[in-house]
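> Dropping a prediction and its sequence here:
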Amino acid sequence: MRYEKGHKEATRQRIVETAAARFREEGIAGVGVANLMSDIGLTQGGFYNHFESKDDLASEAIALAWQGTYQRLSNALKQAKGGGLEALIDSYLSKEHRQHVAKGCVAAALSAEIARGSTFVRATFSEGIEQLTDLIAGGLPSSLPTKQRRGIAMSIVATLVGTLVLARAVSDPALSDQILLNGRRAALALVESAK
């Protein structure tokens, strides 16, 4: 059976997109290759026409997830009205982001699992952390030395990710909201410390 030009690339992209959402929702270990391929109407054997291993797929899925997060936060940072780091923080620590794990930040969804993962997958994850740190550092005053801006930006990233992880983990909605609010305050205090 002959496929149209671009079919293989389109299929690969569909696999990566599905994996990016499912990995964030269920964890990398929680998603089997056979089940993932079945979800998109393909066989497990077809997986190996596109990827050498599950780690190969995980790396691409993580990179795609980071692109989505970076784009969303970059857009918030550049908003015409109310943009800047406050808008970025509000976007990241929103109730909507808390509720939509499959579309959210890969760091908040998978950090603990990735820490135990392969060097290959961790390297892709690390690139995303670096890009997010650079994005936030770019929103801080340029009068600060680069090292200081990056240090504050890393602290903001850690505050955002940790806050979202805890807000998702607790069972009490009121406590979750309080965690988001206090995390927002802490992140904004870090921004203020740079002025």
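Alright, I've got the coordinates.
> L93 contacts G162, doesn't it?
No - if you go by C-beta atoms under 8 Å, L93 and G162 don't touch, sitting 10.8 Å apart. Where C-beta positions appear, they are placed from N, C-alpha and C, glycine not excepted.
> any shared contact partners between these two?
G183 (C-beta atoms under 8 Å, 6 or more residues apart in numbering).
> These two - which one has more neighbours?
L93 (23 against 16; other C-beta atoms under 10 Å).
> State the mean pLDDT of the host helix or strand of G162.
Using DSSP states H and E, the element containing G162 is helix 146-169. Mean pLDDT, computed over helix 146-169, is 97.
> what's that helix in contact with?
Contacts to helix 146-169, defined as C-beta under 8 Å, 6+ apart, come from residues 85, 89, 92-93, 97-98, 101, 104-105, 107-108, 111, 129, 132-134, 136-137, 140-142, 144, 176-177, 179-180, 182-184, 186-187, 190-191, 193-194.
> Any of those buried? List them.
Neighbour-count burial (16 or more other C-beta atoms under 10 Å) is assigned, among the contacts of helix 146-169, to 85, 89, 92-93, 97-98, 101, 104-105, 107-108, 129, 132-133, 136-137, 140, 176, 179-180, 183-184, 186-187, 190-191, 194.
> quick one: the helices in this structure?
All helices of the chain, identified by DSSP state H, fall at 7-26, 33-39, 44-47, 54-77, 85-92, 95-99, 106-115, 119-138, 146-169, 173-193.
> any idea which of these is most buried?
Ranked by mean neighbour count, the helices of the chain are led by helix 85-92 with a mean of 22 (mean count of other C-beta atoms under 10 Å).
> Show me the contact partners of that one.
With C-beta under 8 Å, 6+ apart as the test, helix 85-92 has contacts from 72-73, 76-77, 79, 97, 105, 135-136, 139-140, 156, 160, 164, 184, 187-188, 191.
> Repeat that for stretch 17-34.
36, 39-40, 44, 47, 54, 57-58, 60-62, 64-65, 68, 101-104, 106, 109-110, 113-114, 117, 121.
> Grab the CA positions of it and hand them over as CSV.
This file holds the C-alpha atoms of stretch 17-34, laid out as CSV (Å, rounded to 0.1, in the frame of the first residue of the first chain):
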residue,chain,number,x,y,z
GLU,A,17,1.7,14.9,20.1
THR,A,18,-0.3,12.1,21.6
ALA,A,19,2.7,11.0,23.7
ALA,A,20,3.4,14.5,24.9
ALA,A,21,-0.2,14.8,26.3
ARG,A,22,-0.4,11.3,27.7
PHE,A,23,3.1,11.4,29.3
ARG,A,24,2.2,14.6,31.1
GLU,A,25,-1.2,13.1,32.2
GLU,A,26,-0.1,9.6,33.1
GLY,A,27,3.7,9.7,33.4
ILE,A,28,6.2,8.2,30.9
ALA,A,29,6.3,4.8,32.7
GLY,A,30,2.5,4.8,32.9
VAL,A,31,2.0,4.8,29.1
GLY,A,32,2.8,1.7,27.2
VAL,A,33,3.9,1.8,23.6
ALA,A,34,1.2,-0.7,22.5
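> Kindly calculate the angle that the helix holding G162 makes with helix 119-138.
Between helix 146-169 and helix 119-138, the angle comes out at 110 degrees (axes from the mean of the first three to the mean of the last three C-alpha atoms, to 10 degrees).
> Nothing else from me, thank you.
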